[in-house]
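[1] sequence? don't have it. structure:
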């Protein structure tokens, strides 16, 4: 499997992946997920939120509906245009910014930073991930929180299948996965079949265990870290569905 480690910088990649990433079910799940986020963080009314890697804005828009000032940041212009159009249609005030998570930083501007749906570990060098965490730390106000939600290394090891296929709407999706670099990365290939149209996407994501991500956050200055197995606050154990880490500045 040949991987371009700069896959995340290509607009065509994100355009082809959109139908897989933003299904109707996933878009409709945003209100419930925001309910769970607010409960898990005991989020005060009016807390300023940075939605880092906001995509088409499903969480940004829902938080704005709840009265939160929200800044959504993403590198993909087409996703941001879709988010802006939905905000305008719904009469919501949301700031959407085209930016790279490695460089975006607004010192002490936010009470909460969200990084959802495995939107971390894209980059080739580990130091780039560290810079993202450092930017998050600097962007938070005193006592602010970051919530990161992803698929953890332990979970992937438990459920790993090298190849799977499934149907989603009018698309047949074939996924191939390969453990790489001694379980530090997962290399992926997706083949999307829609009628006579065939698209192939490859990408690689750095994997984090709960301990590795906790240590990274602590090394970057966070004072306290809690780990959960879902947005419901379940324990991160052998039954965990997702790796959810909450760190306080």
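    Yep, that arrived. Since we're looking at a predicted model, the values are computed, not measured. Numbering: from 1, shown residues only.
[2] give the contact list for residue 36.
    Residue 36 sits next to 231, 232 when contact means C-beta atoms under 8 Å, 6 or more residues apart in numbering. Backbone N, C-alpha and C define where each C-beta goes, glycine included.
[3] buried residues in the helix or strand encompassing it, which are they?
    According to DSSP states H and E, residue 36 maps onto helix 30-41. For helix 30-41, the neighbour count (16 or more other C-beta atoms under 10 Å) marks 30, 33, 34, 37, 38, 40, 41 as buried.
[4] cool, and stretch 84-94?
    Applying 16+ other C-beta under 10 Å to stretch 84-94 flags 84, 86, 87, 92, 94 as buried.
[5] what about residue 164, distance to residue 147?
    According to C-beta to C-beta, to the nearest Å, residue 164 and residue 147 sit 28 Å apart.
[6] what of residue 72?
    15 Å.
[7] mind checking which of these two has more residues around it?
    The neighbour comparison of residue 72 against residue 147 (other C-beta atoms under 10 Å) goes to residue 72, with 30 against 21.
[8] which residues does that one bridge with?
    Beta bridges link residue 72 to residue 51, residue 96, judged by DSSP bridges.
[9] thinking it is in contact with residue 62, fair?
    No - the pair residue 72 / residue 62 is not scored as a contact, 11.2 Å apart, by C-beta atoms under 8 Å.
[10] give me the phi and psi angles of the residue lying farthest from the centre of the chain.
    If you look at how far each residue of the chain sits from its centre, by C-alpha atoms, centre = their mean, the farthest one is residue 196, at 31.2 Å. For residue 196, the backbone dihedrals (degrees, to the nearest 10) come out as phi -90, psi 0.
[11] with distance to residue 123 added, can I get the buried residues of helix 30-41 in JSON lines?
    Below are the buried residues of helix 30-41 laid out as JSON lines (distance: C-beta to C-beta, whole Å):
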{"residue": "30", "distance to residue 123": "26"}
{"residue": "33", "distance to residue 123": "25"}
{"residue": "34", "distance to residue 123": "27"}
{"residue": "37", "distance to residue 123": "25"}
{"residue": "38", "distance to residue 123": "30"}
{"residue": "40", "distance to residue 123": "27"}
{"residue": "41", "distance to residue 123": "26"}
